[in-house]
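S.K.: build me a model:
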Amino acid sequence: MTLANLNLLTTLKVLLETRHVGRAAEQLCLSQPSISKQLAQLRRDFADPLLVREGAVWRLTPRAEALRLEIAPVLDGVQRLYAPPQFDPAACRRTFCLASSDYVAQYILPQIGAALASAAPLASLEYQPWDKSKLSQLAELPLDLVSTLTEQLPSGLASQLQGEDGLAVLMRADHPLAHHTLTRHAYLAARHIRISGGGDKEGPVDAVLTACGEQRRWFAQVPFFQAAVGLLQHSDSLLTTPAHIAWQLAQDHRLQLRPLPFPCARQHYHLIWPQRLTHDAAHQWFRQLAFRFLSEHLQTTAAAAAIQLAHYQVE
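M.R.: Numbers count the residues shown, from 1 in each chain. Next comes the predicted model:
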């Protein structure tokens, strides 16, 4: 039997069970001529009459009797091949690997980990700091998910938009600029801290300033938000970062949050993964779990930041 005729297996099974063309047609909701045509094709495929009419009775040939015993498990196997994969979190022993910034590791990863431990107690979690220069290589990396800022998605990757945010400026509580409106001139005159880890958090600022022939004065470049916070608290530097992150850090470390003193493009946060994993049942489950916490945190903190920044802008 050729692969092209596998769809005839169901007809064969019913014919062998009913031993009657008319009853097989009724059961399959097809016309008798259609069943007769399929029976003729089956006879050619198996090189055997299969059903032989003896008076008013249809009888199975010896080959048909043998097929009758084999057809059910064969059909069951074919149906299992086409059935969607089943995923049971409670039985999952997979290690899920997520990459992002140290901010996500501190503020969102604990919630993801707790939900994973509750629903999939046999699964484990690996977290890696994300290097934005590796985005074009992600399809080949041993990572399940990356949460990052990006405006372009290389081929071979899939993504889900978590949300968007603008930029804001952080400074220590007793910074000389803390009690004044942050102007463009003051912003450019100050020294700045750059965070190199994670996505491109400051690209929109650089684009605006470069177009005007301006640039910032750098004090330090560090890979982590926590390192930047320490430097902010002990210097007169400024940190430009996504507003939702700025708001959260200001709450936790007694820092001052101020609007960026010039308009700048908003940035988009994506949850990204290799496209080949899109339909993997375990991966689908984990990315839905991670996306919920990542998106909720972004939406909540971005809204809180917008309220506070609007207050300063009114003043």
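S.K.: by contact count, what packs against the helix or strand hosting L42?
M.R.: Here L42, judged by DSSP states H and E, is contained in helix 32-46. Counting contacts by 3 or more C-beta pairs under 8 Å, 6 or more residues apart in numbering; DSSP states H and E, helix 32-46 packs against helix 9-18, helix 21-28. From N, CA and C alone the C-beta is placed, and that goes for glycine too.
S.K.: what's the angle from it to helix 21-28?
M.R.: Helix 32-46 runs at 100 degrees relative to helix 21-28, counting by axes from the mean of the first three to the mean of the last three C-alpha atoms, to 10 degrees.
S.K.: just the buried positions in helix 32-46, please.
M.R.: Neighbour-count burial for helix 32-46 flags I35, Q38, L39, L42 (criterion: 16 or more other C-beta atoms under 10 Å).
S.K.: tell me which of the residues you listed is nearest to L51?
M.R.: Nearest to L51 among these, counting by C-beta to C-beta, is L39 at 6.6 Å.
S.K.: and the pLDDT for L67?
M.R.: Listed pLDDT for L67 reads 85.
S.K.: helix or strand for it, which one?
M.R.: Going by DSSP H and E, L67 is in helix 62-82.
S.K.: hey, C-alpha coordinates of that helix in PDB?
M.R.: Output in PDB follows, covering the C-alpha atoms of helix 62-82 (Å, rounded to 0.1, in the frame of the first residue of the first chain):
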ATOM      1  CA  PRO A  62      -8.000 -15.100   4.300                       C
ATOM      2  CA  ARG A  63      -5.900 -12.000   3.600                       C
ATOM      3  CA  ALA A  64      -8.800  -9.800   4.800                       C
ATOM      4  CA  GLU A  65      -9.200 -11.800   8.000                       C
ATOM      5  CA  ALA A  66      -5.500 -11.200   8.700                       C
ATOM      6  CA  LEU A  67      -5.800  -7.500   8.000                       C
ATOM      7  CA  ARG A  68      -8.800  -7.300  10.300                       C
ATOM      8  CA  LEU A  69      -6.600  -8.200  13.200                       C
ATOM      9  CA  GLU A  70      -3.900  -5.700  12.300                       C
ATOM     10  CA  ILE A  71      -5.800  -2.700  11.100                       C
ATOM     11  CA  ALA A  72      -6.900  -1.300  14.400                       C
ATOM     12  CA  PRO A  73      -3.500  -0.900  16.000                       C
ATOM     13  CA  VAL A  74      -2.100   0.500  12.700                       C
ATOM     14  CA  LEU A  75      -4.800   3.200  12.700                       C
ATOM     15  CA  ASP A  76      -4.300   3.900  16.400                       C
ATOM     16  CA  GLY A  77      -0.600   4.400  15.700                       C
ATOM     17  CA  VAL A  78      -1.300   6.800  12.800                       C
ATOM     18  CA  GLN A  79      -3.800   8.800  14.900                       C
ATOM     19  CA  ARG A  80      -1.200   9.100  17.700                       C
ATOM     20  CA  LEU A  81       1.300  10.500  15.100                       C
ATOM     21  CA  TYR A  82      -1.200  13.300  14.300                       C
END
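S.K.: in the helix or strand just after it, which residues are buried?
M.R.: Sequence order places strand 95-100 as the next helix or strand after helix 62-82, per DSSP H and E. Residues of strand 95-100 classed as buried by neighbour count (16+ other C-beta under 10 Å): F96, C97, L98, A99, S100.
S.K.: between the residues you listed, which is nearest Y127?
M.R.: Of all those, Y127 sits closest to L98, with 5.6 Å by C-beta to C-beta.
S.K.: what's the spacing between the closest one and A105?
M.R.: Per C-beta to C-beta, to the nearest Å, L98 is found 9 Å from A105.
S.K.: overlap in contacts of these two?
M.R.: The contact sets of L98 and A105 overlap at Y127 (C-beta atoms under 8 Å, 6 or more residues apart in numbering).
S.K.: give me the helices and strands touching the helix holding L67, please.
M.R.: Checking 3+ C-beta pairs under 8 Å, 6+ apart, helix 62-82 ends up next to helix 9-18.
S.K.: what is the helix it packs on packed up against?
M.R.: Using 3+ C-beta pairs under 8 Å, 6+ apart as the contact test, the elements touching helix 9-18 are helix 21-28, helix 32-46, helix 62-82.
S.K.: need the strands for the stretch 101-250 of the chain, in chain order.
M.R.: 124-129, 145-149, 157-165, 167-172, 191-195, 217-222, 238-242 (DSSP state E, counting those that start in this stretch).
S.K.: can you list contacts of the second one?
M.R.: Pointing back at strand 145-149 there. By C-beta under 8 Å, 6+ apart, the surrounding residues in contact with strand 145-149 are 96-101, 104, 130, 132, 135, 138, 162, 198-201, 242, 267-273, 286-287, 290, 294.
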